[in-house]
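Trainee: next input, structure requested:
(2 chains)
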Number of protein chains: 2
Amino acid sequence: MQQQPARHSRETRLDMYVDRYASRTRGMTASEIRALFAVASRPEVVSLAGGMPNISGLPLDTIGSMVHELVAEHGTEAMQYGSGQGVPMLREQICDVMALEGIEAHPDDVVVTVGSQQAVDLVTRIFCDPGDVVICEAPSYVGALGVFRAYECEVVHAEMDADGLVPAALRDALAAAAAAGQRVKFLYTIPNFHNPAGVSLSEPRRREVLEIAREHDLLVLEDNPYGLLGFDEEPRRALRADEAERVVYLGSFSKTFAPGMRVGWALAPHAVREKLVLAQESSTLCPPSFSQLMISSYLAGQDWMGQVKQFREMYRERRDAMLEALDDLMPDGTTWTVPAGGFYVWLTLPPGLDAKAMLPRAVTARVAYVPGTAFYADEFGSQCMRLSYCYPTPERIREGVRRLAAVVEQELDLRATFGVATKVQPRSYDTPNTDLT
Amino acid sequence: MQQQPARHSRETRLDMYVDRYASRTRGMTASEIRALFAVASRPEVVSLAGGMPNISGLPLDTIGSMVHELVAEHGTEAMQYGSGQGVPMLREQICDVMALEGIEAHPDDVVVTVGSQQAVDLVTRIFCDPGDVVICEAPSYVGALGVFRAYECEVVHAEMDADGLVPAALRDALAAAAAAGQRVKFLYTIPNFHNPAGVSLSEPRRREVLEIAREHDLLVLEDNPYGLLGFDEEPRRALRADEAERVVYLGSFSKTFAPGMRVGWALAPHAVREKLVLAQESSTLCPPSFSQLMISSYLAGQDWMGQVKQFREMYRERRDAMLEALDDLMPDGTTWTVPAGGFYVWLTLPPGLDAKAMLPRAVTARVAYVPGTAFYADEFGSQCMRLSYCYPTPERIREGVRRLAAVVEQELDLRATFGVATKVQPRSYDTPNTDLT
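Mentor: Now for the predicted structure:
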């Protein structure tokens, strides 16, 4: 029998463009858990995975009337192209929103973006060449890590604890980068109700982080989608409130109103703002006028702060339901953070358990979460998971935690019976897993 | 007197981040004519510069009611996060729209984008490394050139004439790139009612361009915002209709409905589509649900094709007004294209005149246009300009052309009196300036 060499024309390949993509495209890979989440979205599964805000409390008929009026009276503006920087009236209102966190800003320094995700993208686009370093908390927001990967940045994680980013860890990261001759382009940080860690940066640490930024001439990217969703107190003072030149502040209406309009913003030092507008024009010509005017009408004509208060109360009730259920049901050796606002609890499994390996069994048991590895650039986090309490009802949350606890118990039994080949962690972070409950 | 060396701390510089931007950011520069356009937007100036569609004919109260109903009945979906690929129902409707141009497509291969500008951005993002070649028509869409510059691509222009892109010029561009060892990532082309050239690719040339694409294994990016806005005939058959594997097709609702929702799309071969969705998720998480459901409702419930017919009639009337005025008023030696649809006329001044140098005088005479150089990557086009007839009324168009003609006459008088230092063009294109009127 004659041997035929394997021959494939371009046409028969799965992807005829496989050798033509840009280098950066190699960093854009579908999450390995994506297929599982298709299963997890079935109604019988309690999803503690997603970060979707619960907007069922919005007064839809009132908002409907408001939008009707917007179209009837300002339709040719709302449906027309706008400025790349965003609608001036909305930028003024954004300054009023930021004033709640102590920020004094001028509308000229605000750039409206397609959700704050696009703000992360545009800031990275203007600052980062391949190989540049971005310092992120450990863990960090999965969507930001995706952006940094897509721009071929090197992410260096700095530890957190129950008080947020550890300043000494930030100093270490800066020193290590300097020693390695690497350029640190910015620190990406979520000071309030961290996604996924559920912790907040303490007041003294806010001062210390800003001191470090000044000492090291470090740009800080302050991502703050949850700042107005604190359960127990007035909004905390933003980093940007005390440092205008070294902080780019990102905000969003996705959690204080609704995400479907995709309106976020960046507040940046003047020269940076100019670059961001050019990048926005290149990316989309302009953010959606309709979304912007709709949100502007909402802020001007509706009791938006009363609505935020309602959201806070709803989320607090759900947080309480989750923490109580975890307290009641989780086996010994499991620890978790106690969020004072926002959407997330960060849970660390007993030693030897692997959240990613356990996920298919959890989904079979009809509960879903996001494995901790998604929130690290370096495969750390396998013992951890993010639990969201924002979307399901308190009853569903309790049921979800009950199912999850049973899965963890089973894993512990298996481990006791058969032992576990503990994976070597690539690096050791003091992740914020102190059990404060 | 003692000489002091000039010393500036970071803080006193205009931009303390000046040495920290990414390499690509050098390509993002504000247009030098931007300041002038601020002046040109004053009501006393007839602007033949902008490409804003005229949406004053839309039935605002009907659309207002439609949006009210959308919010009241589907608000929690319309205002929630959606899929990165876009709303499934809308993607089906987009396939119906594309069928009007002979395209058979599956909704799975459609990715919704924030205007088709973002589609150009995402396609370039996944394909182009710095230095990669993109072949563009001469002239080409200014917004696409901005994207290619932002991704540090090298743009190689290929000539057009009254029948659109010249196939021999495309072959020459490919051969030159091959000889220079450069990678051509794709051809960017606007086959219908070209922006800015106002010409369309003839039927025989469509076949020839596709043959070249197959011979050279060339990807074609077919940008088609104006395809349904032809004045005299049925929509032309898209390149994508005859070649599914080597064409990424871009469409938009900005000109057939309205641009303020920022909804466009890309139809791509399956593997490319997957990369585009990942790039979209990284860029914005998802395109605006609200915009998508609003357009989906509009397509499903309103006579959108009747509206497009009204748009066509309005634009034809304006095109006629512009061509008549040019015929009546422009001095000898001025030539222009005759668009069969779309928004633009491309005008070439008599030899020795410079459209960019002339612009301040035109604005003083209360008429504005876009100088031809904006549409080239290589400073060519100084003798040309783009005139838009989409937005002003026929009366304003006639008045604008009258003012423009007077400015050109003055320039010719000046040239006759003082002579002109003719600028050496960096390269000679047979630009589509044959006077067909």
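Trainee: which residues does stretch A:49-61 contact?
Mentor: Under the contact criterion Cβ atoms under 8 Å, 6 or more residues apart in numbering or on different chains, stretch A:49-61 has outside partners A:37, A:40, A:195, A:254-255, A:257-259, A:302, A:307, A:310-311, A:314-315, A:343-344, A:368-370, A:386, A:388, A:390-391, B:71-72, B:75-76, B:79-81. The way it works is simple: take the backbone N, C-alpha and C, and place the C-beta from them, glycine included.
Trainee: and if we set it to 6 Å?
Mentor: Residues outside stretch A:49-61 that contact it (Cβ atoms under 6 Å, 6 or more residues apart in numbering or on different chains): A:255, A:258, A:310, A:343, A:368-370, A:388, A:390-391, B:71-72, B:75-76, B:79, B:81.
Trainee: pull out the buried positions in that stretch.
Mentor: For stretch A:49-61, burial by neighbour count (16 or more other Cβ atoms under 10 Å in any protein chain shown) applies to A:49-55, A:58, A:60.
Trainee: any idea which helix or strand carries A:K309?
Mentor: Secondary-structure element containing A:K309, defined by DSSP states H and E: helix A:304-329.
Trainee: test my guess that A:D163 contacts A:P204.
Mentor: No: A:D163 lies out of contact with A:P204 (Cβ atoms under 6 Å); the separation is 8.4 Å.
Trainee: for those two, indicate the residue with more neighbours.
Mentor: Using other Cβ atoms under 10 Å in any protein chain shown, the more surrounded residue of A:D163 and A:P204 is A:D163, with 16 against 10.
Trainee: how about the nearest residue to that one, chain neighbours excluded?
Mentor: Leaving aside its sequence neighbours, A:D163 sits nearest to A:S202 (Cβ to Cβ, 6 or more residues apart in numbering or on different chains; 4.1 Å).
Trainee: roughly how far apart are that neighbour and B:Y369?
Mentor: A:S202 is 58 Å from B:Y369, where distance means Cβ to Cβ, to the nearest Å.
Trainee: list the contacts for the residue most central in space within chain A?
Mentor: Residue closest to the mean C-alpha point of chain A, counted by Cα atoms, centre = their mean, is A:Y141 at 3.9 Å. By Cβ under 6 Å, 6+ apart, the contact set of A:Y141 is A:N195.
Trainee: same check on A:I103?
Mentor: A:238, A:240-241.
Trainee: the lowest-mean-pLDDT helix or strand in chain A near chain B anywhere?
Mentor: Within chain A, no helix or strand scores below helix A:34-40, which has a mean of 70 by mean pLDDT, DSSP states H and E. No: Helix A:34-40 stays clear of chain B (Cβ under 6 Å from any Cβ of the partner chain), getting no nearer than 10.2 Å.
Trainee: which secondary structure elements does that helix contact?
Mentor: helix A:355-364 (3 or more Cβ pairs under 6 Å, 6 or more residues apart in numbering or on different chains; DSSP states H and E).
Trainee: pick out the most distant pair among the contacts of stretch A:49-61.
Mentor: Largest separation among the contacts of stretch A:49-61 by Cβ to Cβ: A:Y369 and B:A72, giving 34.1 Å.
Trainee: so those two - more neighbours on which side?
Mentor: Neighbour count, other Cβ under 10 Å: between A:Y369 and B:A72, A:Y369 has more, with 25 against 16.
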